[in-house]
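**Q** Quick one, structure for this:
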Amino acid sequence: MEFIRPGINIDFIGRRKTAYLLSAAFILLTLLLLLFRGGLNLGVDFASGILIQVRFSHPTTPGEIREALRSIAMEDSLIQAFGQKGEFEYLIRVSESDIELSGLSNRVKKSLDGMFGEKNVEVRRVEMVGPKVGKDLREKALFAIFYALLFMVIYISGRFEYKWTMSIVMAASLAFGVYIISELGMSIIWLIAVALLITIGLCWFLRLEYALGAIIALFHDIIITIGAFALTNREVTLPVVAALLTIVGYSLNDTIVVFDRIRENYRRYRSRDFAEVINQSINETLSRTLLTSATTLIVVVCLFIIGGGVIHDFAFALLVGIVVGTYSSIYVASPALLIWRGQLWEGGAGLSGRRGKGS
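**A** As a prediction, the model looks like this:
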C-alpha cells in the first residue's frame, strides 16, 4: 500500500537547520521547566508516601474532601481530580511520616462517610511506598532507560557498520567509566548524565556514525517526552517508565528502516552527494514511516481517550513519543550522519569527495 505517491522528493535535508532550532528550543524548554519546578512530578512509586484513590457518586470539590479529612489530621494532603470527566474520582497524597499507617483505609472511609454518606464514597485503592523502596525504584528506572539506550547503540554499530569489535570496546570502556564514576560517590542522575556523554564521545572517537545518529535521536526523544510531562505537570510513575522504554524501541525501529535504505542507496549511488542520498532514502521510506506511525497512533489515541485514568499517563507518553520518534528519524538521526562529511550545517555541494570518510 502506498500512502505517498512514488517518486516524491521533499527536501527534508534542506530544512534541517529549522529542525535543529526547533529541537533545541524544545530541549531548552524542558531543561528550564525542570529547573523552574525543581524536577519532575514523581508519583508515589518514586517519591515514597501514601496514595489513596477515592470515588464519589456525585460531584464534590477538593476543599470539601480536605475538610472531611480534618478529623484524621489529613487536611494538608494534596488532593487532585483523577480519571475522566464525570467519574468524580480523586487522588489523596500524603507523606508517610505524617500519619499512622495502621488501619488507614478504614479511617479515611469513615471520615469521608461522615460528610458524604456511606453509600456515596468508595475507597478504590491505597498504595504505600517507603523512602528506601522509592529511592531503589528511581535508580532502577533510570538504569533501565540508560542500559536500553546503550545496548541499542551497540546493536546499531554492529548492524550497520559491522564494527562489533569496536562496539564491544565501547561497552567495556563505558562499563569501566561508570564504575569509576560510581566509586566517586556521584548521584545516580549525574552518573547517568556523564555516562551518556561518554557514550556520545566514544561513538565520535571510534567513528561509529550510525550509532551516534541513533543515540542522539533516542536521547532527543526521551528528553522531549519528559518535557511534555513537565509542561503538563503529569506524574512520572512506573508505567510511564515502561512507556519511555517502549518509545526507545519504537523510535529505533523507525530509525533502522531509514538507515537501512540510506546504506543501500549509498552503495548504489556512490557518485552522488551524501546529503542527496539521505534525502532520497527518507522520501523512499516516507510512506512506510507515516503508515506505521498513523496506525500506531490510532491505537494509542483510543487508549488515551477511553483507557481510563490508570493508563492515561502511559498513553500520553506513548502519544508524545510516537510523534517525536517519527520526527527524529527524519530530522535528527538521519541528518546526524552528515557530521562525518562536514555537511551538518553546510550544503552538500562540493563535499561529495569526502563521502567515504567514516564509512
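**Q** quick one, what contacts Ala41?
**A** Actually, residue 41 is Asn. It isn't Ala. Phe229, Ala230, Asn233, Arg234, Glu235, Val236 (C-beta atoms under 8 Å, 6 or more residues apart in numbering). Every C-beta, even on glycine, is put in place using the N, C-alpha and C of the backbone.
**Q** for the chain, what helix or strand is lowest in average pLDDT?
**A** Every helix and strand of the chain was ranked by mean pLDDT, DSSP states H and E. The lowest is helix 44-47, at a mean of 72.
**Q** Could you list every helix and strand that that helix packs against?
**A** Judged by 3 or more C-beta pairs under 8 Å, 6 or more residues apart in numbering; DSSP states H and E, the packing partners of helix 44-47 are strand 121-129, helix 131-161.
**Q** now, of these, which is deepest in the fold?
**A** helix 131-161 (a mean of 18; mean count of other C-beta atoms under 10 Å).
**Q** Only the buried residues of the helix or strand that it is followed by, if you could.
**A** Remark: after helix 131-161, the chain's next helix or strand is helix 164-183, criterion DSSP states H and E. Neighbour counts over helix 164-183 (16 or more other C-beta atoms under 10 Å) mark Met166, Ser167, Met170, Ala171, Ser173, Leu174, Gly177, Val178, Ile181 as buried.
**Q** Among the residues you listed, find me the one that's closest to Leu32.
**A** Looking at the buried residues of helix 164-183 and their distance to Leu32, the nearest is Ile181, at 26.4 Å (C-beta to C-beta).
**Q** gap between the helix or strand where Ile223 lies and the chain center?
**A** Ile223 belongs to helix 209-232 when assigned by DSSP H and E. On the basis of C-alpha atoms, centre = their mean, to the nearest Å, helix 209-232 sits 7 Å off its chain's mean C-alpha point.
**Q** Quick one: which of the contacts of Asn41 is the most crowded by neighbours?
**A** Val236 (24 neighbours; other C-beta atoms under 10 Å).
**Q** residue ranges with poor pLDDT in the protein?
**A** 1-6, 83-86, 95-102, 130-134, 161-162, 182, 185-190, 192, 340-359 (pLDDT under 70).
**Q** which residue sits farthest out from the middle of this protein?
**A** Distance from the C-alpha centroid of the chain, by C-alpha atoms, centre = their mean, peaks at Gly114 (43.2 Å).
**Q** ok, now which ones touch that residue?
**A** Ala68, Ser71.
**Q** next one: the one 4 residues further on
**A** The contact partners of Glu118, taken as C-beta under 8 Å, 6+ apart, number zero.
**Q** Can you list the buried residues in the helix or strand where Val194 lies?
**A** Assessed by DSSP H and E, Val194 sits inside helix 188-205. Residues of helix 188-205 classed as buried: Ile188, Leu191, Ile192, Val194, Ala195, Leu196, Ile198, Thr199, Leu202, Cys203 (neighbour count, 16+ other C-beta under 10 Å).
**Q** Please name every helix or strand in contact with the helix or strand where Ala242 lies.
**A** Counting by DSSP H and E, the element that carries Ala242 is helix 238-268. Judged by 3+ C-beta pairs under 8 Å, 6+ apart, helix 238-268 is in contact with helix 131-161, helix 209-232, helix 274-306, helix 312-328, helix 334-336.
**Q** Out of the ones you listed, which gets nearest to Phe12?
**A** Closest among the helices and strands packed on helix 238-268, using C-beta to C-beta: helix 274-306, at 5.0 Å.
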